[in-house]
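Visitor: sequence first, then the predicted structure, then my questions.
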Amino acid sequence: MKALRTAALVLVAVLVQGALPLTPRGAPGDFVLVAVVAAGLLHGRVAGLLTGTIAGLLQDALGGGMIGMSGLGKCAAGYLAGVVGTQFIVTQWMSRGFLFLGASVLNSACFMGLSMLLGLRRYDNLLLEAATQAVVNAAAGVLLFAVIEFMPTAREQWNVLLERRRKRRYH
Amino acid sequence: MARADAGRRARSLLVAVVLGHVLLISAQVATPAGPSVLRTTVVAVVTAFQEASWRAAGAVHSVWDGYAALRGVRDENLRLAEEVTRLRVQLQQVQANAAGADEMRALLGLRPHLQWQTTGADVVAGSLSPDFRAITIDKGVGDGVKPDMPVLNAAGVLGRVAQASARASTVQLIIDRSAAAAVRTSRTRTEGIALGNGDGLLRFEYLSATADLAEGDTVVTAGIDGVYPPDLAVGRIKRVERDGPAYRRVLIEPFADFSRLETVLVLLSPAAVPAEALAAPQGRAAR
């Protein structure tokens, strides 16, 4: 069930990322990375590592890039999120934001570093791009956890509402 | 104890996965051959889902666009009618010039220009990563699409087919950081390589120090890279920065609007200009 939920989260992230309107500068954030870090934080380092690997390979295979380039950064980010999630208490929005920020920087460092090392890409504003992506990813991550945490409460409230309606109908 | 074991196992797994990635990347660097089975299968499976989500997002956009567009429809109609008239006149002029050029080619014994075979395709997904500038189209090997075929729209060159599966293909846009195309300016025929800059512009590189370039010059494909046929519109020179006599930085603004891609055209043939076609034609050499 845990694996299924994580797979669904990654698939939704891939579909959302692909459905974003095209812009010449590219999407501001990487929602697939956000899903990977969330998986690591929720289910531990092995889950983060494997989710990052699969999600990264998926991105590479569909994006037309060299297979493994995105996977490397994402598996490291997923593992980092899992380690931090088990070693520290990461329940405040700010601490989560910092975790997403750090994971995003690690992912960018791996991808951009490897791209430049292999001579595949050249970056004019490397730091600015990595920082922008990190901030957007952190905001998306904090928002995702707010939604995840709100879901049980919303479900309970919905059930209470249904129960009240049922009672009103019978009385 | 068990916790320490679990930690050791996780670390070993991390090392194994990282090594696996490094080996995978190394293998591709050594042999940049055609698309792998893994890639082709993944593209085929995920494209169906992507198509559905792209259409759902497109429906939301079109509802809004439809509402917003109503406001300026009359003015736009008038403007378009004027543009159609102007383009018809231009078309007549171009047809007359083409006929003249064909006659001239026949007289000189040159190869006649082949008619391009194209297939239209719908865009079904955008980039899956902020680091890629790519689109997925709904035509694949089954429709005659192969890797390295040029992809265009009415404005000009969009990119090339990076990989093709049975019924979908990934197109690497020309503005992607790892994309490149041989280009030349229409005015002075200065050749160079256009490289994606990552911000929607192209860098014009590998230029001769004596090249004559100016802002506003039109850039077209040179037809020597084995991917794009010659004289396809690419863009216009936006900025020329010099460092003494040498060019420091030349930026090209593409004609195509990459934020509004819905339908594209894949050039099925002639896909590339063979090397022998670039050599001096026999008719001329004999003289």
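Guide: Noted; the coordinates are in hand. Numbering: from 1, shown residues only, chains lettered A, B, ... in the order given.
Visitor: the helix or strand in which A:N159 is found near chain B at all?
Guide: Element membership for A:N159, per DSSP states H and E: helix A:126-170. Yes - applying Cβ under 8 Å from any Cβ of the partner chain, one finds helix A:126-170 in contact with chain B at A:129, A:133. For every residue, glycine as well, the C-beta is placed using N, CA and C.
Visitor: figure out how far that helix is from the centre of its chain.
Guide: Put simply, helix A:126-170 sits 15 Å off its chain's centre (Cα atoms, centre = their mean, to the nearest Å).
Visitor: what helix or strand is the residue nearest to the spatial centre of chain A on?
Guide: The residue lying closest to the centre of chain A (Cα atoms, centre = their mean) is A:V34, at 1.3 Å. Assigned by DSSP H and E, A:V34 belongs to helix A:31-43.
Visitor: so which elements touch that helix?
Guide: Helix A:31-43 sits against helix A:2-19, helix A:45-63, helix A:69-87, helix A:93-117, helix A:126-170, with contacts defined as 3 or more Cβ pairs under 8 Å, 6 or more residues apart in numbering or on different chains; DSSP states H and E.
Visitor: which other helices and strands contact the last one?
Guide: Spelled out, it's helix A:126-170. helix A:31-43, helix A:93-117.
Visitor: dump those helices into TSV; add mean pLDDT and distance to B:R74 as well.
Guide: Output for these, formatted as TSV (pLDDT from 0 to 100; distance: least, Cβ to Cβ, whole Å):
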stretch	mean pLDDT	distance to B:R74
helix A:31-43	92	40
helix A:93-117	91	47
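Visitor: looking at the ones you listed, which is buried most?
Guide: helix A:31-43 (a mean of 28; mean count of other Cβ atoms under 10 Å in any protein chain shown).
Visitor: sorry, back to before: what angle do the helix holding A:V34 and helix A:69-87 make?
Guide: 30 degrees (axes from the mean of the first three to the mean of the last three Cα atoms, to 10 degrees).
Visitor: and helix A:31-43, how far out from the chain middle?
Guide: With Cα atoms, centre = their mean, you get 4 Å for helix A:31-43.
Visitor: relative to helix A:2-19, how tilted is it?
Guide: Using the same axes, to 10 degrees, helix A:31-43 lies at 160 degrees relative to helix A:2-19.
Visitor: and the angle from helix A:31-43 to helix A:126-170?
Guide: Angle, helix A:31-43 to helix A:126-170, by the same axes, to 10 degrees: 60 degrees.
Visitor: so where does whatever residue of chain A ends up closest to chain B fall, helix or strand?
Guide: Of all residues in chain A, A:P24 sits closest to chain B, at 2.5 Å by Cβ to the nearest Cβ. Under the assignment given by DSSP H and E, A:P24 is not contained in any helix or strand.
Visitor: ditto for B:I193
Guide: Here B:I193 is assigned to strand B:191-196, by DSSP H and E.
Visitor: equivalent analysis for B:V264, please.
Guide: Counting by DSSP H and E, B:V264 is part of strand B:263-269.
Visitor: list the helices and strands that strand packs on?
Guide: Packed next to strand B:263-269, using 3+ Cβ pairs under 8 Å, 6+ apart, are strand B:117-125, strand B:134-137, strand B:150-152.
Visitor: flag every buried residue along that strand.
Guide: For strand B:263-269, burial by neighbour count (16 or more other Cβ atoms under 10 Å in any protein chain shown) applies to B:264-268.
Visitor: now do stretch B:91-106
Guide: Under 16+ other Cβ under 10 Å, stretch B:91-106 has no buried positions.
Visitor: what do you get for stretch B:154-166?
Guide: B:156-165.
Visitor: quick check: longest helix in chain B by residues?
Guide: helix B:73-108 (DSSP state H).
Visitor: give me the local confidence score for B:V60.
Guide: You'll see B:V60 listed with a pLDDT of 79.
Visitor: tally of neighbours for it?
Guide: 10 (other Cβ atoms under 10 Å in any protein chain shown).
Visitor: my guess is it is in a strand, correct?
Guide: No - counting by DSSP: H, G, I helix; E, B strand; the rest coil, B:V60 is not found in a strand; it is helix.
Visitor: phi first, then psi, for the residue of chain A closest to chain B.
Guide: With angles defined as degrees, to the nearest 10, A:P24 sits at phi -60, psi -30.
Visitor: which residue comes closest to it once chain neighbours are left out?
Guide: Excluding the flanking residues, the one nearest A:P24 by Cβ to Cβ, 6 or more residues apart in numbering or on different chains is B:G200, at 2.5 Å.
Visitor: what are the structural domain limits within chain B?
Guide: B:37-108, B:116-274 (automatic domain parsing).
Visitor: sorry, back to before: any idea of the angle the helix holding A:V34 forms with helix A:93-117?
Guide: 130 degrees.
Visitor: kindly export helix A:31-43 (C-alpha atoms) in PDB.
Guide: Output in PDB follows, covering the C-alpha atoms of helix A:31-43 (Å, rounded to 0.1, in the frame of the first residue of the first chain):
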ATOM      1  CA  PHE A  31       7.600  18.700  -8.800                       C
ATOM      2  CA  VAL A  32       9.000  15.200  -9.400                       C
ATOM      3  CA  LEU A  33      11.900  16.000  -7.000                       C
ATOM      4  CA  VAL A  34       9.300  17.300  -4.500                       C
ATOM      5  CA  ALA A  35       7.500  14.000  -4.700                       C
ATOM      6  CA  VAL A  36      10.800  12.100  -4.200                       C
ATOM      7  CA  VAL A  37      11.800  14.200  -1.100                       C
ATOM      8  CA  ALA A  38       8.300  13.700   0.300                       C
ATOM      9  CA  ALA A  39       8.600   9.900  -0.200                       C
ATOM     10  CA  GLY A  40      12.000  10.000   1.600                       C
ATOM     11  CA  LEU A  41      10.600  12.100   4.500                       C
ATOM     12  CA  LEU A  42       7.500  10.000   4.900                       C
ATOM     13  CA  HIS A  43       8.900   6.500   4.400                       C
END
